[in-house]
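Colleague: Please find the sequence and the predicted model below.
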Amino acid sequence: MASLSMQENFAKKLSFPTRYIFIFFVLLAAVIGVVSWSTSQGSGQYTHYNNYVIFKHSFFHLIHYQDLYQLFPAENYDLYKYSPSFALWMSAFAWMPDLPGLIFFNLLNIIVLILAIRTLPLDRKRLNLLLLFIAIETLISLTSSQTNVLIAGLLILGWHFMEKDNPWLATLMIVLTFYIKIFGIAGLLICLMYPSRWKAAMATIVWLVVLGLMPLIVVSPAQLLFLYKSWGTLLGQDHGVSVGVSLYGWWHTWFGFEMNKQIFVLIGALLLCVPLVRYSNWAQPAFRLFILSSILIWVVIFNHKGESPTYILAMVGIAIWYFSQEQQSRLNTILILLALVFTSFSSTDIIFPYKLAVAYVEPYSVKAVFCSVIWVKMIIDLTLYKIASEEGYLDTGSLRVAN
């Protein structure tokens, strides 16, 4: 009898109920909120959860007819870069004191991700391995009080609802990510090859208008138009001066690579779409999962503002790609382990000393290296090779086979 693969050997030891890991993630999110708040008491003018403070105050700036996209140094030390709609949605937390607000904000992020991961057609052992694989990046993102965990969950839910032939809910999930961080709009590629693509296109237009105009509840049309112009100006200036922890940042800092960044992103977008030429593969659930994985990685490695906390998206994509495969090649296993070490562990003191991480890991875009290598390999594999049948290893009973 053939020996079990490395993945299967590990999986045998991880047969406990997945809900225990879910509970751990929820408790982790709450504890991180408490720790972030408590360590900020008496620490100076600014808190350790500065991003949450920016999000919270954006609601008050919105209702007081202030320009959201300027510095407010009396409150925080960075710019607000999300949409006016997201500022309105922060009303759900803005009325709370910081401690409960931060806890509930973290819980929203992690609960959406948990609900999304529960929809993946993986058995319990594979799901447990996936969750353990992304644990460090989840911790990093939650500690930064950002929205990346939420966005990962929304993009997966977008895929799930397309699988359920519900384009209205699918596009709602994806458009929500756009109004949080604009790169989430790449998730619409998920909808492109399903039979209900035209319904999805119509639903996308409706949600873009409805969600985009929601701030009219509290501001005038003239003020909302001003805010969108100001947001566009900020994003345009920001794109011109930043390379981020990204594929471009890696090539730029290591090899002196120079290229128009808009053209670079356009090339990346075209490469992202190349596997869709294998239309016959679309009937395979694994192929559709790999397209989702590719998008989750792409939105990070081609993001000019990519930073360490955004890599939860890429690592979720890598985890879905790896644990959705029936047979693991030695190369794939090596690549995922390298990604774990140089993407996740590089942001901790477990392997890389703090001084080494500060001097080299972020400045030289180390976190992007193996995520980018895996993404390129994924695009090549999806384009050149036929996807094997998933019978017996993916729980595809609840999925609709696309035609």
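Modeller: Nice, I can see it.

Colleague: How much space separates Thr343 from Leu382?
Modeller: Per C-beta to C-beta, to the nearest Å, Thr343 is found 21 Å from Leu382. (C-beta placed from N, C-alpha, C; glycine too.)

Colleague: Looking at the two, which is more packed in?
Modeller: Set side by side, Thr343 and Leu382 give different neighbour counts by other C-beta atoms under 10 Å, the larger being at Thr343 (27 against 21).

Colleague: List the residues that contact that one.
Modeller: By C-beta atoms under 8 Å, 6 or more residues apart in numbering, Thr343 lies in contact with Glu137, Tyr311, Ala314, Met315, Val366, Lys367, Phe370, Cys371.

Colleague: just checking, the fourth one touches Phe133?
Modeller: Yes: look at Met315 against Phe133 with C-beta atoms under 8 Å: they come within range, at 7.0 Å.

Colleague: So for the two, which sits in the more crowded spot?
Modeller: Met315 (29 against 19).

Colleague: Name the next helix or strand following the one helix or strand in the chain whose mean pLDDT sits lowest along the chain.
Modeller: When the helices and strands of the chain are compared on mean pLDDT, DSSP states H and E, helix 6-12 comes out lowest with a mean of 55. Next along the chain after helix 6-12, taking DSSP states H and E as the criterion, comes helix 19-38.

Colleague: helices or strands up against the helix or strand just after that next one?
Modeller: Beyond helix 19-38 on the C-terminal side, the first helix or strand identified by DSSP H and E is helix 50-63. Judged by 3 or more C-beta pairs under 8 Å, 6 or more residues apart in numbering; DSSP states H and E, the packing partners of helix 50-63 are helix 84-89, helix 91-94, helix 98-117.

Colleague: which residues are contacting helix 50-63?
Modeller: Outside helix 50-63, the residues touching it (C-beta under 8 Å, 6+ apart) are 46-47, 67-68, 72, 75-80, 82, 84, 86-88, 90-91, 93-94, 98, 101-102, 105, 144-147, 215, 218-219, 227.

Colleague: model confidence over that helix, on average?
Modeller: In this model, helix 50-63 has an average pLDDT of 95.

Colleague: Tell me which residue lies nearest the centroid of this protein.
Modeller: The residue lying closest to the centre of the chain (C-alpha atoms, centre = their mean) is Leu313, at 3.1 Å.

Colleague: re the thing from before, among the contacts of helix 50-63, which ones are buried?
Modeller: Restricting the contacts of helix 50-63 to buried positions leaves 47, 68, 72, 75-76, 80, 82, 84, 86-88, 90-91, 93-94, 98, 101-102, 105, 144-147, 215, 218-219, 227, with burial counted as 16 or more other C-beta atoms under 10 Å.

Colleague: so how far is Met259 from the closest residue in space to Ile136 that isn't next to it in sequence?
Modeller: Excluding the flanking residues, the one nearest Ile136 by C-beta to C-beta, 6 or more residues apart in numbering is Ser344, at 4.1 Å. Distance, Ser344 to Met259, using C-beta to C-beta: 29 Å.

Colleague: more neighbours, the two?
Modeller: Neighbour count, other C-beta under 10 Å: between Ser344 and Met259, Ser344 has more, with 24 against 11.

Colleague: which residues touch that one?
Modeller: Each residue near Ser344 by C-beta under 8 Å, 6+ apart is listed here: Ile136, Glu137, Ile140, Tyr311, Met315.

Colleague: OK, contacts around the first one?
Modeller: Yep, that's Ile136 we're talking about. Contacts of Ile136 (C-beta under 8 Å, 6+ apart): Ser344, Phe345, Ser347, Thr348.

Colleague: for it, helix, strand, or coil?
Modeller: What DSSP: H, G, I helix; E, B strand; the rest coil gives for Ile136 is helix.

Colleague: where's it relative to Ala319, distance?
Modeller: 12 Å.

Colleague: any weak-confidence spans in the stretch 151-300 of the chain?
Modeller: Applying pLDDT under 70 to the stretch 151-300 of the chain flags residues 239-241.

Colleague: which stretches of it form helices?
Modeller: According to DSSP state H, counting those that start in this stretch, the stretch 151-300 of the chain carries its helices in the segments 167-180, 197-213, 221-241, 247-255, 261-273, 285-301.

Colleague: which residues make contact with the first one from outside it?
Modeller: Going back to what we said before, that points to helix 167-180. Contact partners of helix 167-180, identified using C-beta under 8 Å, 6+ apart, comprise 82-83, 85-86, 147, 150-151, 154-155, 157-162, 184-185, 187-188, 190-191, 194, 196-197, 199-200, 203-204, 207-208, 211-212.

Colleague: One more: the fifth one?
Modeller: With contact meaning C-beta under 8 Å, 6+ apart, helix 261-273 is reached by 186, 189, 239-240, 243, 247-248, 294-295, 298, 301-302, 304, 379.

Colleague: Tell me the buried residues in it?
Modeller: Using 16+ other C-beta under 10 Å as the test for burial, helix 261-273 gives Lys261, Phe264, Val265, Gly268, Leu271, Leu272.

Colleague: gap between the last one and Tyr20?
Modeller: What it means is Leu272. Leu272 sits 36 Å away from Tyr20, going by C-beta to C-beta.

Colleague: what's the burial count for Val112?
Modeller: Val112: 20 surrounding residues under other C-beta under 10 Å.

Colleague: oh, I was asking about Ala170
Modeller: 28.

Colleague: swap in Ile205?
Modeller: Neighbour number of Ile205 under other C-beta under 10 Å is 12.

Colleague: hmm, back to that, arrange the contacts of Thr343 in a markdown table, one row each, with pLDDT, distance to His252 and secondary structure as further columns.
Modeller: Below are these laid out as a markdown table (pLDDT from 0 to 100; distance: C-beta to C-beta, whole Å; DSSP: H, G, I helix; E, B strand; the rest coil):
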| residue | pLDDT | distance to His252 | secondary structure |
| --- | --- | --- | --- |
| Glu137 | 95 | 23 | helix |
| Tyr311 | 95 | 18 | helix |
| Ala314 | 96 | 18 | helix |
| Met315 | 97 | 22 | helix |
| Val366 | 89 | 13 | helix |
| Lys367 | 92 | 15 | helix |
| Phe370 | 96 | 17 | helix |
| Cys371 | 96 | 16 | helix |
